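1. quick one: sequence and predicted model below, then my questions.
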Amino acid sequence: MKHAAVCFLWHMHQPYYTDPVSRSVSMPWVRLHATKAYYDMAWLLAKHPGVRVTFNFTPSLLLQLRELIAGSVSDLFLDHAARPATDLTPSERAFIVRHFFAANWPTMVRPYPRYHELLVRRGTEVRESDLERMARQFTTQELRDIQVWHNLAWFGYGAVAQYPRLADLRRKGRAFTEEDKQEVLTIQRHVVEEIIPRYRHLSQAGQIELTTSPFYHPILPLVIDTDSARRARSDLRLPERFQAPEDAEAQLGAAVALHTDLFGSPPAGLWPSEGSVCPELIPMAKRAGFRWLATDEGVLACSLQASPRGWDPDATLYHPFRVGAPGEELSIIFRDRTLSDHIGFVYWKTTPELAVENAVHRLADITRRAQGNELLIPVILDGENPWEHYHDNGERFLSELYRALSRGTLPRAEGVRVSLDTVSHALAQHPPGARLEHLHSGSWINADFKIWIGHSEDNRAWDLIRLTRAHLVDVQRTLPPETARQAWEELYAAEGSDWFWWYGDDFSTDYKDEFDRLFRTHLRNVYALTGAAAPDILNEPISDVREITPVRLPVALLSPKIDGLVTDFFEWHGAGIIDPSPALGAMWKASEYFAYIGFGFSLDALFLRLDPGTELQTNQPGLGAELHLFTATNTYRVVFSLSKPAPETFTLLCASHGDPFTEVGRYGTISSKKVIELAVPFKDLQVQPGQDFRFNLVITRDGLELERYPRYRPVAVTAPDLDFEARLWRV
């Protein structure tokens, strides 16, 4: 009798959104997906005790769940949701109106009349220039209802069943109180806390297998060697070659360690990020303790087309292979692309009953066509994102599919026994018989790596990683062990695939600029931890993003008295201004360190004026400010304290890009009373009249970056000459 083991592998993944320096999270997707897919999938399995499946959790996701549970990070969206609606500032109101409809509207907004009514009032298209006016049109009660619905709509069927109060609040629909809102956020916190224990329990009970991916979800073949991309696409224009096999090993080892810590045993299986494989990966995975890995059928097709046996899916796709040199062999399986992609991208467009019928018939057709009496059918796909498109979050479809496949038989497939199984158990019952002599280098998308390399934006990002890693290798022996560890973690986070997913023109998102900022922040943190000057290019967006912090350039020469006081109105008249507040609805919330940032120059000096904001009203030990200046040859830092007692001097440091900073001197041209004022001589910056330079103001704690003004790109100015004001008048 023919036997077919259907092996679902549900991949759970979120990129590492945490800024490890500020301990802040700018996007809410870990927390919100936890209340839907992560919870639902485990809850549903408890209702089907005979179903056995495999779940893959990326370590970057698990780490963030653990951070949320510990309360060790601040969550930008949660902060806005928790704030009493009566206390919302204009910028916070704009943020809520802009971002708190972030959901799949047909399935998560329209089914709830009040939420949909508020979306219609806002409109489906939002222009930044309209946000302030738009936000004023919403009453306090309406804003509170948006706060509640943004979190309430994200709960899936499992959480609603487990916590009936959620259903009560959905029926209430409107006129929520602050107490209602706190109930929702409290339940949300409980749900997040339950995720890891629920999956650990299912694993220990033997109902599920838990597997992992490389820690920060990098495309390991590209980390090993970016030139491996040419094996599948010889036409790609690649960046300067990057090779870091040690990083690939580190990402695998760290993944195993965290998985073992959280779930009590090491993983047997590996889902390489995006199913990306290459021959060099196999011995690494073997050394890390893995026994099997999975990828896409397109990789198998390309691998076999170069062999004498050729590509015959009926003969090969539904059987495991051995791969790797003798002594380094692993089992490898290949996902059925059609069925996997239908669950992820197609079946939500029809009824659950028709979708299940189609899936079952496809499986029956596979079992009839496939050669051999023992079959292993891998169905591998994202376990979180598809369900947002199903009108009931996929509950009926998945329940009926599990139920249909648990019967042991399929219609129109007589003589075939079907079981739902974990991958490791199925491999134990049906070990690989054939050896794959050649493993193609590719991913689940078109069996190549084009999504993550080849576009000019992708290539610039890889160049920055190469540059930063080379710097870290050069200086790591001079660093204290803990500092070196932190610096390497920042680099590994930057190697994650998710930043590259949004670079280029393959995909688009409203949050592309935030992904870009996070990527460059990780790399800048490497330089900060090593005490070196970051290359100026790390201050420039890779993506074509619009600077959201308004900057006004100087229109007159200044001659302020550096006394910490605004002596008269005209003292700073004509100065340049950096607006320290974020743009309305921006994807970040600046702490109010400054109410005003002014800058300007005379022919001899650069001036800076900082008016303290609410954040500086209390003393904060370790808090400091650095003016980062970039010329064609050097980077300068003007460093001074923002803690009490008030600074009497500032320090000027200089470095060539990538080199350690050396002290130029200490200067007394600073004063902190009502405001902070300082002057830096142009001659000590080696800046000549008419020379271009750029600068940022950076807020630090214990030397590491907290905030940056402007946030995305430095202010570009030209040192004044004798004709400076005359030219402005002519314009």
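-> Received it, and whenever you're ready, just let me know what you need.
2. how many neighbouring residues does the residue nearest to residue 433 when sequence neighbours are not counted have?
-> Using CB to CB, 6 or more residues apart in numbering and skipping residues adjacent in sequence, the residue nearest residue 433 is residue 319, 7.1 Å away. From N, CA and C alone the C-beta is placed, and that goes for glycine too. Here the number of neighbours of residue 319 (other CB atoms under 10 Å) works out to 18.
3. that's a strand at residue 319, yeah?
-> No. Secondary structure of residue 319 (DSSP: H, G, I helix; E, B strand; the rest coil): coil, not part of a strand.
4. next up, the contacts around it.
-> 372, 374, 375, 376, 430, 432, 433, 434 (CB atoms under 8 Å, 6 or more residues apart in numbering).
5. cool, residue 448 as well?
-> 229, 232, 233, 442.
6. closest to residue 595 among those residues?
-> residue 229 (49.1 Å; CB to CB).
7. neighbour-wise, which one of the contacts of residue 448 leads?
-> residue 442 (29 neighbours).
8. my read: it touches residue 451, true?
-> No. Using CB atoms under 8 Å, residue 442 is not in contact with residue 451, being 11.1 Å away.
9. looking at this, residue 358 is in a helix?
-> Yes. Counting by three-state DSSP, residue 358 is part of a helix.
10. that one: neighbour count?
-> Neighbours of residue 358 (other CB under 10 Å): 15.
11. does anything pack onto whichever helix or strand residue 201 is part of? Which helices or strands?
-> Here residue 201, judged by DSSP states H and E, is contained in helix 178-204. Helix 178-204 sits against helix 39-46, helix 59-70, helix 76-82, helix 140-152, helix 157-162, helix 165-172, strand 208-211, helix 245-263, with contacts defined as 3 or more CB pairs under 8 Å, 6 or more residues apart in numbering; DSSP states H and E.
12. in CSV: these, plus mean neighbour count, mean pLDDT and distance to residue 623.
-> Shown next, in CSV, are those (neighbours: other CB atoms under 10 Å; pLDDT from 0 to 100; distance: least, CB to CB, whole Å):
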stretch, mean neighbour count, mean pLDDT, distance to residue 623
helix 39-46, 21, 97, 39
helix 59-70, 20, 96, 23
helix 76-82, 19, 96, 20
helix 140-152, 23, 98, 31
helix 157-162, 20, 98, 40
helix 165-172, 15, 98, 41
strand 208-211, 23, 98, 42
helix 245-263, 19, 98, 32
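13. would you format these as CSV with distance to residue 461 included?
-> Formatted as CSV, these follow (distance: least, CB to CB, whole Å):
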stretch, distance to residue 461
helix 39-46, 32
helix 59-70, 18
helix 76-82, 24
helix 140-152, 32
helix 157-162, 37
helix 165-172, 41
strand 208-211, 28
helix 245-263, 15
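14. out of these, which gets nearest to residue 193?
-> helix 59-70 (5.3 Å).
15. show residues contacting the closest one.
-> In contact with helix 59-70 (CB under 8 Å, 6+ apart) are residues 12-18, 25, 30-31, 34, 73, 75, 192-193, 195-196, 212-217, 254-255, 258-259, 262, 493, 496.
16. can you flag the buried ones in those?
-> Taking 16 or more other CB atoms under 10 Å as the criterion, what is buried in those is 12-18, 25, 30-31, 34, 73, 75, 192, 195-196, 212-217, 254-255, 258-259, 262, 493, 496.
17. next up, phi/psi of residue 49, please.
-> Here is the backbone geometry of residue 49 (degrees, to the nearest 10): phi -60, psi -20.
18. ok, it touching residue 207?
-> Yes. The criterion here is CB under 8 Å, and residue 49 meets it with residue 207 at 6.7 Å.
19. sorry, back to before: the contacts of residue 448 in strands, which ones?
-> Secondary structure assignment by DSSP state E places none of these in strands.
20. need those residues in JSON lines with distance to residue 336 and pLDDT, can you?
-> Shown next, in JSON lines, are these (distance: CB to CB, whole Å; pLDDT from 0 to 100):
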{"residue": "229", "distance to residue 336": "26", "pLDDT": "97"}
{"residue": "232", "distance to residue 336": "21", "pLDDT": "94"}
{"residue": "233", "distance to residue 336": "24", "pLDDT": "94"}
{"residue": "442", "distance to residue 336": "17", "pLDDT": "97"}
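21. out of the residues you listed, which is nearest to residue 530?
-> For these, the nearest to residue 530 is residue 229 (29.3 Å; CB to CB).
22. low-confidence ranges, this protein, go.
-> 544-549, 582-591, 657-658, 725-731 (pLDDT under 70).
23. care to break it down by domain?
-> Domains of the chain are assigned by automatic domain parsing as 2-14+208-450, 71-204, 455-539, 551-730.
24. can you put the ones you listed in JSON lines and add distance to residue 56?
-> Formatted as JSON lines, these follow (distance: least, CB to CB, whole Å):
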{"stretch": "domain 2-14+208-450", "distance to residue 56": "4"}
{"stretch": "domain 71-204", "distance to residue 56": "11"}
{"stretch": "domain 455-539", "distance to residue 56": "14"}
{"stretch": "domain 551-730", "distance to residue 56": "28"}
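25. among those domains, which is nearest residue 53?
-> Per CB to CB, nearest to residue 53 of the domains of the chain: domain 2-14+208-450, 4.2 Å.
26. distance between the ends of the closest one?
-> With CA to CA, to the nearest Å as the measure, domain 2-14+208-450 spans 39 Å from end to end.
27. run the chain-centre distance for that domain.
-> 23 Å (CA atoms, centre = their mean, to the nearest Å).
28. try stretch 12-25
-> Centre-to-centre, stretch 12-25 and its host chain are 7 Å apart (CA atoms, centre = their mean).
29. and what of stretch 204-212?
-> 26 Å.
30. in the sheet, who's paired with residue 3?
-> Listed by DSSP bridges, the beta-bridge partners for residue 3 are residue 374, residue 417.
31. can you tell me how far it is from residue 409?
-> Noted for residue 3: a distance of 11 Å to residue 409, by CB to CB, to the nearest Å.
32. out of those two, which sits in the more crowded spot?
-> residue 3 (18 against 13).
33. right, and the more buried one touches residue 419 too?
-> Yes. Look at residue 3 against residue 419 with CB under 8 Å: they come within range, at 7.2 Å.
34. ok, residue 23 - how many residues close by?
-> Neighbours of residue 23 (other CB under 10 Å): 12.
35. what's near enough to touch residue 177?
-> Going by CB under 8 Å, 6+ apart, residue 177 touches residue 144.
36. for residue 213, see how far away it is.
-> Taking CB to CB, one finds residue 177 at 42 Å from residue 213.
37. repeat that for residue 508.
-> Taken as CB to CB, the span from residue 508 to residue 213 is 24 Å.
38. what is the neighbour count of residue 515?
-> Residue 515 is flanked by 23 other residues according to other CB under 10 Å.
39. which stretches in the stretch 451-600 of the chain count as helices?
-> Applying DSSP state H, counting those that start in this stretch to the stretch 451-600 of the chain gives helices spanning 456-475, 481-494, 497-502, 512-530.
40. nearest to residue 353, out of the ones you listed?
-> helix 497-502 (34.2 Å).
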